[in-house]
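In: Show me how the following folds:
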Amino acid sequence: MKYFHEQIEAKWQEYWAKNQTFSAQNNADKPKYYVLDMFPYPSGAGLHVGHPLGYIASDIVARYKRHKGFNVLHPQGYDSFGLPAEQYAIQTGQHPEKTTRENIARYREQLDKIGFSFDWSREVRTSNPEYYKWTQWIFIQLFDSYYCKVADKAFPISELVKVFEREGNSNVDLVCDDRVELFSAAQWNTYSSEEKQAILLKYRLTYLAETEVNWCPALGTVLANDEIVNGVSERGGHPVIRKKMTQWSMRISAYAERLLQGLDTIDWSESIKESQRNWIGKSVGALVKFQVLGSKFQIEVFTTRPDTIFGVTFMTLAPEHELVSQITTPEQKAAVEAYVEATAKRSERERMADVKTISGVFTGAYAEHPFTKEPIPVWIGDYVLAGYGTGAVMAVPCGDDRDYAFANFFKGSMGMPEIKNIFNQDISEAAYGEKSGFELVNSDFLNGLGYKEGTKKIIEALEAIGQGKGKTNYRLRDAVFSRQRYWGEPFPVYYVNGLPQMIDTKHLPIILPEVEKYLPTEDGQPPLGNATDWAWDTKELRITNCELIDNETIFPLELNTMPGWAGSSWYWMRYMDAHNENEFASQDALNYWENVDLYIGGSEHATGHLLYSRFWNKFLKDRGFITPEEPFKKLINQGMILGMSAFVYRTYFEVKWAEVGDSKVEMSELFKKLIIQFPIFFSKSIKDSIEKGNINEELNNRISTIEKKFEIIINERISDLDNCNVDIILDFTPIHVDLLVINDVTNELDIEKFKTHPLYSDYKDAEFILEDGKYIVGREVEKMSKSKYNVVNPDDICNQYGADTLRLYEMFLGPLEQAKPWNTAGITGVSGFLKKLWRLYFDDNGLLVTNEEPTAEMYKSLHKTIKKVTEDIENFSFNTSVSQFMICVNELAQAKCNHRKILEPLAILVSPYAPHIAEELWSQLGHEGSVSTVIFPVFEDKYLVESEKEYPVSFNGKMRFTIKLPLDLTAAQIEEIVMADERTQAQLQGRTPNKVIIVPGKIINLVG
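Out: Numbering: from 1, shown residues only. From the prediction side, this is the model:
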């Protein structure tokens, strides 16, 4: 009976689907275990073999936990709002919903093929109205909440209104906008409704504000910092500029300290925790106010080194700081405006990363030192960010490397004084940035003090004169929550006289309208501005035609949509009760499942999704909707499976300027056209030889022949070649080549397939310089990507080798957290292992299994494997389990094991890794139903206790033979047996040894 993976896998996948084998029950008597993958965005490209890595790992754990008696929730769904579907809609006119639906169908087909034990009955899609109804509902709860610093939690905004009615805002300690004006209860009670709404907007956890954003003109939308790579959009590589826009924002900064402290309570990798700590960026220092001379304006500065205030030499504002335009002098206006415009083209990340470039402009304005009253020049520089701190720094060059470099770069320029030194240290070569080892000098009442004493004293002095106070600052900024896109969650918001109003939750969901175009409107409004029906009728309580807007009963709806991270910031809770129409999840379900026990996904989400999810979770806890403080107990970041890219090497000749009479012709432009017409490709080793200068006579002749061809081509294009100065330099351009046109084992290019491949139609007449009659491609490990043509489709692996082989091989590649290259050639070994496993149970005539008692060695092999696999799964070391399976099967095959007492538990052991073959083996062994909930084998150490020892017998330290003896023998008994052995007698040849050294269980050595 042969192993046919196609039939077996199809059979059991159908069985699981029909019987809902992996459907979890809420409130079961079993202990719960919730294992979750970061759910995928369904792209049009489908899955490649790198995508399932984390899914396979989580599936092994989910299946293992079922075997261990847990009620396992292992759901899957789709983060289905996203920019790619919208971009495709812009290009083709096809509705993003249709594209997304088709992509999901493709993903589901691929996921099912790999045999995951997902509970598909709980599937969610963030773009379904039934789902985003509750995303909108959570947004409304955030809008209707404020954060109390004293209680350190969020409360309903209605409670704040009562506080204002009783006592105003003078005595409250709340998270709010900067510079909120104080008012009494009497004043509050006289305010109009609109005035009250405007004030409350400064306290709400989601609010409207004009903020600096990353604007991508090509995509027509705002991008989050984590959507920008190297100064351009991650999607499409488009330029990104900074500009001010009125946007919805989330007051995540209110939770900065709790987000920081919570990291100590969760089992995440230290690298991810450190990423979040750095992103939150807690700093302790002081807020200092500097009066701008000759104006009413003050510059507020947050500094972690207030002790250095007497060393302030100049001040630097972020170019986008609101005061820049107001304090710049007429003489400096042009220079300042030009600099501001140039800076707007650089992203914040780019500015933060660029520590080498020094640039800035003097505003012409001066601020007054709070103690010495000396004028301090005010500059702008792009190393200061508007969103961090106050967007202004007091520059102390003697104590800060960047200020030191800035001051020296502009030394002698207008508005740049000499550096003041306030340390009893030499700063002639570099700034002194240490917080110890110095005494302050030239610092008035701080002279002689160190960092701690000086900081304490200066804060007291600043508070005494009303120009500063101690402060804790966080780098974490409020999250911009608006996107100028179509394909996203609509806001449940309409506007009355410019003020946002929430639509009552009973009218949710507010569903995306149909639009003719997915681009912004002609007047620059977001795509929803193209909708015909996008106004809210407050009388009829429904969406109506925009032409009916009268601002009395019918009002405009919000035109922005929510960002891509909105739906993914709470989805794990929806899985707990996915079809509840009345709540985002019932209290019973929330109380039972609590939070995610194991979360697996990529580390690229460290400061995006993982931070936003923690924020929303803490907020929902504050408001009493859930009980856990953290959403994910344990997090594992799987590494990347890298692709093995293939390259062909096209030659090109760099042709320099040539003179033809009195005119000049740029030959390189001409030659670019000729490369396409006459492409020549060198095999890898020949290309390497040329680059290294190892050119033999045969190769030199080849190159000369090619150069002559090109000279002829140039001659045909230019009649007066005699007057030309043509310099031809041979070089190579590596071109990615599709893996379908190479032999993945020998790396040989199939030249005919290459020439007829649609991607390489320009090269159908190409010439190939071969080595030993073959063209050998170059190989390089890179990120697996469609653009690099190194993608391996899991469908192909499943079809050829089977899903169980794919699952085992991906785990076998290496530790889950590490990056590792894919090599299809290595998969045959794993495929062979499964066939060998099968042959333990079957021969050509059918089932071999007997009820005979196994040998001790068979039990030993099994229980070594039980012990190893159990420990490995518990420690998420899946690769070493696969190795142990191979060792075990080899040992059992050598022992000719076909014993039921060994092979039944072995089938269960294999089940988490290779579920299809395990199900078939279990069924063929005579069992009904699925193996998936059969109790996992338990390790018994008695089977690993050795009763015998194979001793090496040495003579004068040299091992001559081995002898197997019981381990319970004494040294005297061992000596008696060894001395009587004929092999010993042969070695001694009648001599008596001077000494017999015996250590029971270890060594036997006869000396002399």
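In: Next SSE downstream of the helix or strand residue 699 falls within?
Out: For residue 699, the host element (DSSP states H and E) is helix 697-717. Note on helix 697-717: by DSSP H and E, the next helix or strand toward the C-terminus is strand 728-737.
In: Check which helices and strands that next one sits against.
Out: Contacts defined by 3 or more C-beta pairs under 8 Å, 6 or more residues apart in numbering; DSSP states H and E place strand 728-737 against strand 641-655, helix 684-692, helix 697-717. All C-beta atoms are positioned from the backbone trio N, CA, C, and that covers glycine.
In: Excluding chain neighbours, give the residue nearest to residue 905 in space.
Out: Nearest non-adjacent residue to residue 905, counting by C-beta to C-beta, 6 or more residues apart in numbering: residue 937, 3.9 Å away.
In: OK, contacts around the closest residue to residue 897 other than its chain neighbours?
Out: In space, and not counting its chain neighbours, residue 897 is closest to residue 858: 5.0 Å by C-beta to C-beta, 6+ apart. By C-beta atoms under 8 Å, 6 or more residues apart in numbering, residue 858 lies in contact with 892, 895, 897, 899, 902.
In: Tell me the bridge partners for the fourth one.
Out: Here residue 899 sits in beta bridges with residue 850, going by DSSP bridges.
In: Let me know the distance separating it from residue 905.
Out: Separation of residue 899 from residue 905 (C-beta to C-beta, to the nearest Å) stands at 11 Å.
In: okay, the helices and strands packed on strand 728-737 in a markdown table with mean neighbour count and mean pLDDT next?
Out: Below are the helices and strands packed on strand 728-737 laid out as a markdown table (neighbours: other C-beta atoms under 10 Å; pLDDT from 0 to 100):
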| stretch | mean neighbour count | mean pLDDT |
| --- | --- | --- |
| strand 641-655 | 21 | 84 |
| helix 684-692 | 16 | 90 |
| helix 697-717 | 13 | 74 |
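In: returning to that earlier point: quick check on the contacts of residue 858: which are buried?
Out: 892, 895, 897, 899, 902 (16 or more other C-beta atoms under 10 Å).
In: Which single one of the residues you listed is nearest to residue 162?
Out: Nearest to residue 162, judged by C-beta to C-beta, of those is residue 902 at 72.2 Å.
In: Contacts for stretch 124-140, please.
Out: If you take C-beta under 8 Å, 6+ apart as the criterion, stretch 124-140 is touched by 39, 75, 77-81, 96-97, 100, 104, 206, 487, 489-492, 502, 505, 508-511, 562, 566-568, 570-571, 574-575, 578, 581, 584, 616, 620.
In: Buried among those residues? Need that as a selection in PyMOL.
Out: With 16+ other C-beta under 10 Å as the criterion, this PyMOL line picks the buried residues out of the contacts of stretch 124-140:
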select buried, resi 39+75+77+78+79+80+81+96+100+104+206+487+489+490+491+492+508+509+510+562+566+567+568+570+571+574+575+578+584+616+620
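In: thinking again about what came up before, isn't the residue nearest to residue 905 right next to residue 907, touching?
Out: No: taking contacts as C-beta atoms under 8 Å, residue 937 lies outside contact range of residue 907: 9.8 Å.
In: These two: which is more packed in?
Out: Higher neighbour count among residue 937 and residue 907: residue 907, with 25 against 20, using other C-beta atoms under 10 Å.
In: Next one: the more buried one relative to residue 865, how far apart?
Out: Taking C-beta to C-beta, one finds residue 907 at 12 Å from residue 865.
In: Report the contact partners of the spatially closest residue to residue 404 that is not a sequence neighbour.
Out: Leaving aside its sequence neighbours, residue 404 sits nearest to residue 431 (C-beta to C-beta, 6+ apart; 3.9 Å). Residues in contact with residue 431, defined by C-beta under 8 Å, 6+ apart, are 397-401, 403-404.
In: tell me the two of these that are most distant?
Out: Using C-beta to C-beta, those span at most 10.7 Å, a distance reached by 398 and 401.
In: what about the two, which has more around it?
Out: residue 398 (22 against 13).
In: Let me see the contact set for the more buried one.
Out: Shown in contact with residue 398 (C-beta under 8 Å, 6+ apart): 308, 311, 313, 404, 419-423, 427, 431-432.
In: What does the residue lying farthest from the centre of the chain show for phi and psi?
Out: Of all residues in the chain, residue 990 has its C-alpha farthest from the mean position, at 74.8 Å, by C-alpha atoms, centre = their mean. Dihedral pair for residue 990: phi 90, psi -10, per degrees, to the nearest 10.
In: Test for you: state the pLDDT assigned to it.
Out: The model reports residue 990 with a pLDDT of 86.
In: quick one: the helix or strand where residue 259 lies to chain centroid distance?
Out: For residue 259, the enclosing helix or strand under DSSP H and E is helix 256-262. Chain-centre distance of helix 256-262: 21 Å, with C-alpha atoms, centre = their mean, to the nearest Å.
In: roughly how far apart are the residue positioned nearest the centre of the chain and residue 640?
Out: In the chain, the C-alpha nearest the mean C-alpha coordinate belongs to residue 604, at 1.5 Å (C-alpha atoms, centre = their mean). Using C-beta to C-beta, residue 604 is found at 10 Å from residue 640.
In: Over to residue 157?
Out: For residue 157, the distance to residue 640 equals 44 Å [C-beta to C-beta].
In: Leaving out sequence neighbours, find the closest residue to residue 771.
Out: Nearest residue to residue 771, sequence neighbours excluded (C-beta to C-beta, 6+ apart): residue 683, at 4.4 Å.
In: Pass me the low-pLDDT residue ranges in the stretch 551-700 of the chain, would you?
Out: Scanning the stretch 551-700 of the chain for pLDDT under 70 picks out 652-678.
In: returning to that earlier point: could you say what helices and strands the helix holding residue 699 packs with?
Out: When contacts are defined as 3+ C-beta pairs under 8 Å, 6+ apart, helix 697-717 packs onto strand 641-655, helix 667-677, helix 684-692, strand 728-737.
In: Read off the pLDDT value for residue 29.
Out: On pLDDT, residue 29 comes in at 88.
In: can you pull the buried residues of stretch 549-562?
Out: Under 16+ other C-beta under 10 Å, the buried positions of stretch 549-562 are 549, 554-562.
In: Can you give me the end-to-end span of stretch 372-384?
Out: Counting by C-alpha to C-alpha, to the nearest Å, you get 25 Å between the two ends of stretch 372-384.
In: Leaving out the residues flanking it, which one is nearest to residue 209?
Out: Distance criterion C-beta to C-beta, 6+ apart; nearest residue to residue 209, sequence neighbours excluded, is residue 249 at 5.6 Å.
In: right, and the one you found touches residue 478 too?
Out: Yes: Residue 249 is within contact range of residue 478, at 4.5 Å (criterion: C-beta under 8 Å).
In: shared neighbours of these two, anything?
Out: Taking C-beta under 8 Å, 6+ apart as the contact rule, residue 249 and residue 478 both touch residue 211.
In: contacting residues around the closest residue to residue 931 other than its chain neighbours?
Out: Counting by C-beta to C-beta, 6+ apart, the nearest residue to residue 931 once its immediate chain neighbours are dropped is residue 922, at 3.9 Å. Counting by C-beta under 8 Å, 6+ apart, residue 922 touches 904, 907-908, 911, 930-931, 934.
In: thinking again about what came up before, just say helix, strand or coil for the residue nearest to residue 897.
Out: helix (DSSP: H, G, I helix; E, B strand; the rest coil).
In: buried stuff in stretch 838-852?
Out: Buried positions in stretch 838-852, judged by neighbour count with 16+ other C-beta under 10 Å: 838-842, 848-849.
In: In a strand, residue 458, correct?
Out: No: applying three-state DSSP, one finds residue 458 to be helix, outside a strand.
In: I figured it was touching residue 305, is that so?
Out: No: if you go by C-beta under 8 Å, residue 458 and residue 305 don't touch, sitting 9.7 Å apart.
In: And these two? Which one has more around it.
Out: Ranked by neighbour count (other C-beta under 10 Å), residue 458 and residue 305 place residue 458 first, with 28 against 19.
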